[in-house]
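Participant: I would like the atomic coordinates for the input below:
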Amino acid sequence: MARIALKVDVDTLRGTREGVPKLLSMLEAAQAQATFLFSLGPDHTGWALRRVFRPGFLKKVSRTSVVSNYGLRTLMYGVLLPGPDIGRKGAAQMRAARAAGHECGIHTWDHVYWQDNVRERDAAWTRRQMQQAFARYTEVFGEAPATHGAAGWQMNEDAFRQIDDWGMAYASDGRGTAPYIPTIGGVPCRHVQMPTTLPTLDELIGTDGLAEDNVHTALLKLTEGPRDHVFTLHTELEGGKLAPVFERLLAGWRAQGHELVSMAAWYRGLERSGLPQLPVTWGEIPGRSGELIIQPPVR
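Facilitator: Residues are numbered from 1 along each chain as shown. Here you go, the predicted structure:
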């Protein structure tokens, strides 16, 4: 039986308070497990408006309803309204995800700040951001996190080293086709990267005739057959306006015979001997603006 690991990125306070409970209900109904990765510090979603001059950003925004997905108030955080502390205000919903039996981990401290800066920042900045998230996670859950999934699939070499220093066995910080061991300067890391293998809904909607009523069919075509996958969803999307799409995906994956699991379960069933060792690499993918961490081809 093929497996699909459901990786849930939680970016905002609204996504934490409203999207998490909605997704928990859908996952319970589908008897599916997932990994929830939380943004644990301030919500500065409004800062993302500065990306307007980034190549491809306006094209992506024009395909998706940003205001209806995120809410006008969220888009004002950090601009006209102070950024609320997600880890303080959304702790109950975070703990509810774990209480429902789902794996939980770190997404980031400050989502937009990390996504827009980490590539060019030094080790001190990187580790300070990550340690703030680690400390808040431990405060909320009373234990250390087991895994990490980078905001916007943005990392630097020091961030990969920090994952090793935390002793995490696996993480999902980029995009790719299959698990691998990242290398830095030719030296392999000690953890396994399990990249997101499927396109996200916001990357597909508005392209090639795909809309909210039929985008699930395109994704289901990609999951035909026995291959394992990692699918990234967002509480602000699949836990909001795109909830009906996600319900159709869950039903379709069940009909295809897939087991819907957390990253932890996916890792436990992984044959880790012989995984390729591949350098940390940046590149572009269809439907998303800017570069992000991608899996290079095996030579």
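
Participant: right, and the helix or strand after the longest helix anywhere in the chain?
Facilitator: Assignment by DSSP state H gives helix 123-141 as the longest helix of the chain. Later in the chain than helix 123-141, the nearest helix or strand by DSSP states H and E is helix 157-166.

Participant: what packs against that following helix?
Facilitator: Contact here means 3 or more C-beta pairs under 8 Å, 6 or more residues apart in numbering; DSSP states H and E; on that basis helix 157-166 packs against helix 123-141, strand 181-184. To be clear about C-beta, it is placed using only N, CA and C from the backbone, and glycine gets the same treatment.

Participant: how far does that helix sit from the chain's center?
Facilitator: Taking C-alpha atoms, centre = their mean, to the nearest Å, one finds the center of helix 157-166 at 18 Å from the center of the full chain.

Participant: in it, which residues are buried?
Facilitator: Of the residues in helix 157-166, those buried under the neighbour-count criterion (16 or more other C-beta atoms under 10 Å) are 158-164, 166.

Participant: same check, this time on stretch 241-249
Facilitator: Applying 16+ other C-beta under 10 Å to stretch 241-249 flags 242-243, 245-246, 248-249 as buried.

Participant: could these be laid out in JSON lines, adding secondary structure, pLDDT and distance to residue 40?
Facilitator: Rendered in JSON lines, the data for the buried residues of stretch 241-249 read as follows (DSSP: H, G, I helix; E, B strand; the rest coil; pLDDT from 0 to 100; distance: C-beta to C-beta, whole Å):
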{"residue": "242", "secondary structure": "coil", "pLDDT": "97", "distance to residue 40": "24"}
{"residue": "243", "secondary structure": "helix", "pLDDT": "97", "distance to residue 40": "24"}
{"residue": "245", "secondary structure": "helix", "pLDDT": "98", "distance to residue 40": "27"}
{"residue": "246", "secondary structure": "helix", "pLDDT": "98", "distance to residue 40": "24"}
{"residue": "248", "secondary structure": "helix", "pLDDT": "98", "distance to residue 40": "31"}
{"residue": "249", "secondary structure": "helix", "pLDDT": "98", "distance to residue 40": "27"}
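
Participant: out of these, flag the one nearest to residue 208.
Facilitator: residue 245 (15.9 Å; C-beta to C-beta).

Participant: still on that earlier bit, quick one: closest of the helices and strands packed on helix 157-166 to residue 281.
Facilitator: Closest among the helices and strands packed on helix 157-166, using C-beta to C-beta: strand 181-184, at 9.0 Å.

Participant: can you list the strands that whichever helix or strand comes after that closest one pairs with?
Facilitator: Toward the C-terminus, strand 181-184 is succeeded by strand 187-188 as the next helix or strand (DSSP H and E). Using DSSP bridges, the strands paired with strand 187-188 in its sheet are strand 181-184 (antiparallel).

Participant: for the buried residues of stretch 241-249, which one is nearest residue 211?
Facilitator: The closest of the buried residues of stretch 241-249 to residue 211 turns out to be residue 245 (C-beta to C-beta; 9.7 Å).

Participant: quick one, what contacts that closest one?
Facilitator: Applying C-beta atoms under 8 Å, 6 or more residues apart in numbering to residue 245 gives the contacts 201, 212, 215-216, 238.

Participant: picking that back up, okay if I get the helices and strands packed on helix 157-166 as CSV plus mean neighbour count and distance to residue 224?
Facilitator: Output for the helices and strands packed on helix 157-166, formatted as CSV (neighbours: other C-beta atoms under 10 Å; distance: least, C-beta to C-beta, whole Å):
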stretch, mean neighbour count, distance to residue 224
helix 123-141, 17, 37
strand 181-184, 18, 29
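
Participant: redo the ones you listed as CSV? Include distance to residue 270 and mean pLDDT.
Facilitator: As requested, these are exported to CSV (distance: least, C-beta to C-beta, whole Å; pLDDT from 0 to 100):
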stretch, distance to residue 270, mean pLDDT
helix 123-141, 24, 98
strand 181-184, 12, 98
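
Participant: what segments of the stretch 151-299 of the chain are strands?
Facilitator: Here the stretch 151-299 of the chain has its strands, by DSSP state E, counting those that start in this stretch, at 170-171, 181-184, 187-188, 192-193, 229-234, 259-261, 277-279, 281-283, 292-294.

Participant: out of the ones you listed, nearest to residue 206?
Facilitator: Smallest distance to residue 206 across those (C-beta to C-beta): 16.1 Å, for strand 229-234.

Participant: return the distance of that closest one from the chain's centre.
Facilitator: Taking C-alpha atoms, centre = their mean, one finds the center of strand 229-234 at 7 Å from the center of the full chain.

Participant: stretch 36-49 too?
Facilitator: 12 Å.
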